[in-house]
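1. Could you work out the structure for the sequence below:
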Amino acid sequence: MVSVIFPAAGQGKRMGLGFNKIFTELSGKPILIQTLLTFSRCDCVDELIIAVDINEMEIIRKVLSKIPKLKPYKIVAGGSERQYSVYNGLMAVDPASDIVLVHDAARPLISETVIQNVINEVMISGSAVCAVPVKDTTAEINEMGFIERVPDRNKLWAIQTPQGFKKEILIEAHKKAQEDNFLGTDEASLVRRTSHAVKLVMGDYNNIKVTTPTDLVIAEMLFGQKVKNHAKIKISSLFNEVFTKVSK
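-> Numbers count the residues shown, from 1 in each chain. All right, here's what the predicted structure looks like:
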């Protein structure tokens with residue numbers, strides 16, 4: 001059995017909205033609903049657990065009750081940090097579940113293929129996260145803002161979600177973090193502090209997290225393309241005309 005936890009208790013301050021960004025409309029539906037519907041379409045997913053601000057639990061419960069075709073779900077109170085929200089969700093996971101995924105509620109463009117690939121790798125390795133190779137050159141800087149080191153781009157990957165784990169591995173990682181008073185950036189950072197390695201699975205560059213107003217514009221554009229199933233990329237007719245003349 002596979003359960004998916006969605007930490008969704010943030011207030012989206014970087015969006016500058018004054019309300020939780022998961023309520024923002026994307027292609028006719030709230031971001032949260034778009035995300036939940038994608039996971040609900042996956043045959044491999046059995047349970048959804050949404051960790052939200054305690055003051056928003058009732059309104060989300062009412063909205064979700066009106067959405068058809070959702071997988072069985074639970075709504076739990078989130079915490080002041082993502083890690084605490086995930087832990088609350090973990091404590092609500094069905095006892096029969098043996099694999100737990102954690103996915104940012106604000107990543108509505110996740111594909112069913114990536115979800116399945118993460119689950120498949122968890123079944124083999126115990127822990128898996130999706131990621132994509134970094135495209136840009138990155139740099140480490142000092143306190144004065146000067147570049148100190150430029151890491152090899154070929155070894156750098158941008159971590160995304162979902163991140164998946166055997167349930168007992170994720171529980172162990174959270175308990176250790178609590179004992180050590182450690183606050184991580186994601187679930188992989190907690191699991192790596194135990195004896196368990198984390199395997200990378202190829203993600204999707206379209207699987208962006210909606211964090212800023214610009215992200216929302218990009219997501220709206222990408223969501224419109226999503227249903228076109230890999231539309232053909234072609235050169236602009238203007239440039240094609242120029243290239244044709246040059247080739248002659």
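2. pLDDT score for the residue nearest in space to the middle of the chain?
-> Central residue check for the chain by Cα atoms, centre = their mean: the C-alpha nearest the mean position is that of Thr161, 3.3 Å away. Taken from the predicted model, the pLDDT recorded for Thr161 is 98.
3. That one: helix or strand, and which one exactly?
-> Taking DSSP states H and E as the definition, one finds Thr161 inside strand 157-166.
4. likewise Gln116?
-> In the assignment (DSSP H and E), Gln116 maps to helix 112-125.
5. Over to Ser195?
-> Under the assignment given by DSSP H and E, Ser195 is not contained in any helix or strand.
6. how many neighbours does it have?
-> 8 (other Cβ atoms under 10 Å). Backbone N, C-alpha and C define where each C-beta goes, glycine included.
7. what sits up against whichever strand or helix holds Ile171?
-> Mapping Ile171 onto the secondary structure by DSSP H and E places it in helix 167-180. With Cβ atoms under 8 Å, 6 or more residues apart in numbering as the contact definition, helix 167-180 has outside contacts at 3, 83, 86-87, 90, 93, 97-100, 102, 126-127, 165, 182-184, 187, 190-191, 193-194, 196.
8. could you pull out the strands for this structure?
-> Under the criterion DSSP state E, the chain contains strands at 2-8, 25-26, 29-30, 47-52, 73-77, 99-102, 127-133, 140-141, 147-149, 157-166, 199-202.
9. and stretch 32-40, C-alpha only, in PDB?
-> As requested, C-alpha coordinates have been extracted for stretch 32-40 and formatted as PDB (Å, rounded to 0.1, in the frame of the first residue of the first chain):
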ATOM      1  CA  LEU A  32      -4.000  21.800  -4.300                       C
ATOM      2  CA  ILE A  33      -6.800  20.200  -6.200                       C
ATOM      3  CA  GLN A  34      -4.700  19.900  -9.400                       C
ATOM      4  CA  THR A  35      -2.000  18.200  -7.400                       C
ATOM      5  CA  LEU A  36      -4.300  15.800  -5.600                       C
ATOM      6  CA  LEU A  37      -6.100  14.800  -8.900                       C
ATOM      7  CA  THR A  38      -2.800  13.800 -10.500                       C
ATOM      8  CA  PHE A  39      -2.000  11.400  -7.700                       C
ATOM      9  CA  SER A  40      -5.600  10.200  -7.600                       C
END
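10. what's the average pLDDT for that stretch?
-> For stretch 32-40, the per-residue pLDDT averages 95.
11. Check stretch 143-155 too.
-> Across stretch 143-155, the average pLDDT comes to 92.
12. In CSV, list the C-alpha atoms belonging to that stretch.
-> As requested, the backbone C-alpha atoms of stretch 143-155 are provided in CSV (Å, rounded to 0.1, in the frame of the first residue of the first chain):
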residue,chain,number,x,y,z
GLU,A,143,30.6,36.3,3.3
MET,A,144,31.6,39.2,1.1
GLY,A,145,29.8,37.8,-2.0
PHE,A,146,32.9,36.7,-3.9
ILE,A,147,33.0,33.4,-5.6
GLU,A,148,35.1,30.8,-3.8
ARG,A,149,34.3,27.6,-5.7
VAL,A,150,32.5,26.5,-8.8
PRO,A,151,31.3,22.9,-8.4
ASP,A,152,31.3,20.5,-11.3
ARG,A,153,27.9,21.0,-12.9
ASN,A,154,27.8,17.4,-14.1
LYS,A,155,27.6,16.2,-10.5
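13. Name the residues of that stretch that are buried.
-> Taking 16 or more other Cβ atoms under 10 Å as the basis for neighbour counts, none of the residues of stretch 143-155 comes out buried.
14. mind listing what Arg61 touches?
-> With contact taken as Cβ under 8 Å, 6+ apart, Arg61 is in contact with Ile75.
15. Distance-wise, check it relative to Ala92.
-> 14 Å (Cβ to Cβ, to the nearest Å).
16. again, but for Leu200
-> When Cβ to Cβ is the yardstick, Leu200 and Ala92 sit 28 Å from each other.
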